[in-house]
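S.K.: What would the 3D arrangement of this be:
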Amino acid sequence: MKPTVTIATSLLAMAMALTNHAANNYEPQRNDFSFVSHTCTSFDEGDLLLDSIITFVIDKNGPVYAITSETLPLDVNLWTGFGEIAEEDINFDGIPDLQICLGPTNAYGGFTYDGYVWDNKLHRFTQVENFDKIMDPFYDSSKRRITGTYRVDDDLYYSVYEWRDNKLVLIEESTDHISADE
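M.R.: Next up, the predicted model:
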């Protein structure tokens with residue numbers, strides 16, 4: 001089956017499930033969901049390149065919706081991890097959120113991710129603006145901060161974010177130089 005037919009069939013199934021969902025007045029809870037990602041690729045001068053990742057958010061009671069993540073055009077034969085899903089508490093509210101791997105952004109393997117937090121009022125996941133700017137996020141729940149790190153040549157870059165008024169805000173940036181002896 002062609003990828004476009006598969007995606008169209010999935011979208012039709014989602015629309016039908018959402019119609020059922022609305023008719024039953026069912027309100028999904030966070031623990032009702034499971035996730036499956038699908039990578040979308042194309043060819044460029046003979047290389048198989050990743051274009052995007054579609055993550056299907058599947059409610060155990062039927063409804064499904066899709067999250068689409070754009071990626072850098074990367075050769076899937078050189079890198080792995082695309083579309084891997086981690087359930088992390090991104091906003092430190094005690095409820096697992098989603099972190100979707102977009103792949104590396106440089107030769108040192110600094111990976112970026114899309115982040116989605118569970119919105120209890122909407123009963124669905126909502127995208128965290130600029131989360132994809134945080135490379136290799138480390139979560140410090142005691143300080144309620146996320147630190148991103150990446151390397152370029154002999155420099156190691158740090159960016160620290162925290163949540164303010166339900167928005168992720170960059171609060172600090174720094175750079176360390178790594179000598180060849182380290």
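S.K.: Would you map the helices across the protein?
M.R.: 3-23 (DSSP state H).
S.K.: how about the strands of it, start to end?
M.R.: With DSSP state E as the criterion, the chain has strands at 33-44, 47-59, 64-75, 85-88, 97-104, 111-119, 124-127, 138-140, 145-152, 155-164, 167-177.
S.K.: Kindly reformat these as JSON lines containing mean pLDDT and distance to residue 26.
M.R.: (Glycine included, C-beta is placed from N, CA and C.) Shown next, in JSON lines, are the strands of the chain (pLDDT from 0 to 100; distance: least, CB to CB, whole Å):
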{"stretch": "strand 33-44", "mean pLDDT": "83", "distance to residue 26": "13"}
{"stretch": "strand 47-59", "mean pLDDT": "82", "distance to residue 26": "8"}
{"stretch": "strand 64-75", "mean pLDDT": "80", "distance to residue 26": "13"}
{"stretch": "strand 85-88", "mean pLDDT": "92", "distance to residue 26": "22"}
{"stretch": "strand 97-104", "mean pLDDT": "90", "distance to residue 26": "21"}
{"stretch": "strand 111-119", "mean pLDDT": "93", "distance to residue 26": "16"}
{"stretch": "strand 124-127", "mean pLDDT": "93", "distance to residue 26": "13"}
{"stretch": "strand 138-140", "mean pLDDT": "96", "distance to residue 26": "32"}
{"stretch": "strand 145-152", "mean pLDDT": "91", "distance to residue 26": "33"}
{"stretch": "strand 155-164", "mean pLDDT": "93", "distance to residue 26": "30"}
{"stretch": "strand 167-177", "mean pLDDT": "93", "distance to residue 26": "30"}
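S.K.: Ok, which of the ones you listed comes nearest residue 25?
M.R.: Residue 25 lies closest to strand 47-59 among the strands of the chain, at 14.0 Å (CB to CB).
S.K.: what pairs with that closest one, and is each one parallel or antiparallel?
M.R.: strand 33-44 (antiparallel), strand 64-75 (antiparallel) (DSSP bridges).
S.K.: Tell me what angle the first one forms with strand 97-104.
M.R.: Taking axes from the mean of the first three to the mean of the last three CA atoms, to 10 degrees, strand 33-44 and strand 97-104 form an angle of 20 degrees between their directions.
S.K.: Mind listing what's buried along strand 33-44?
M.R.: Across strand 33-44, burial judged by 16 or more other CB atoms under 10 Å covers 33, 35, 37, 40, 41.
S.K.: Show the contacting residues for residue 124.
M.R.: 28, 57, 65, 118 (CB atoms under 8 Å, 6 or more residues apart in numbering).
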